[in-house]
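Participant: Structure here, sequence nowhere to be found:
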């Protein structure tokens, strides 16, 4: 289930709520009970590792990578 981050305009606290995507626009009260909250825009973190391309694996471009060296 997705987690959405909110900030309370009354007390300034930031909190998260887990709810279905269909309810993502529904209002959320802060843990202190205040109703004046705003949903924050969150960036999605993508996991994984970056690997270098293997030698000779296509690409072209550049003098030696494109085959123009003689």
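Facilitator: It's in. Bear in mind that the values here come from a model prediction, so they are computed numbers and not experimental data. Residues are numbered from 1 along each chain as shown.

Participant: Can you pull out the low-pLDDT segments for this protein?
Facilitator: By pLDDT under 70, the weakly predicted segments of the chain are 44-46, 51-70.

Participant: Show me where the chain has its strands.
Facilitator: Using DSSP state E, the strands of the chain run over residues 3-8, 14-18, 37-39.

Participant: out of those strands, nearest to residue 48?
Facilitator: Closest of the strands of the chain to residue 48 is strand 3-8, at 20.3 Å (criterion: CB to CB). C-beta here means a position set from N, CA and C on the backbone, and glycine is covered the same way.

Participant: contacting residues around residue 24?
Facilitator: Residue 24 makes contact with 2, 4, 39, according to CB atoms under 8 Å, 6 or more residues apart in numbering.

Participant: rerun that using 10 Å as the cut-off
Facilitator: Each residue near residue 24 by CB atoms under 10 Å, 6 or more residues apart in numbering is listed here: 2, 4, 17, 39.

Participant: Looking at these, which is nearest residue 27?
Facilitator: residue 39 (8.9 Å).

Participant: And for that closest one, the neighbour number?
Facilitator: 15 (other CB atoms under 10 Å).

Participant: what's across from it in the sheet?
Facilitator: residue 6 (DSSP bridges).

Participant: Surely it and residue 8 touch.
Facilitator: No - taking contacts as CB atoms under 10 Å, residue 39 lies outside contact range of residue 8: 11.4 Å.

Participant: hey, what's in contact with both of those two?
Facilitator: Contacts common to residue 39 and residue 8, judged by CB under 10 Å, 6+ apart, are residue 28.
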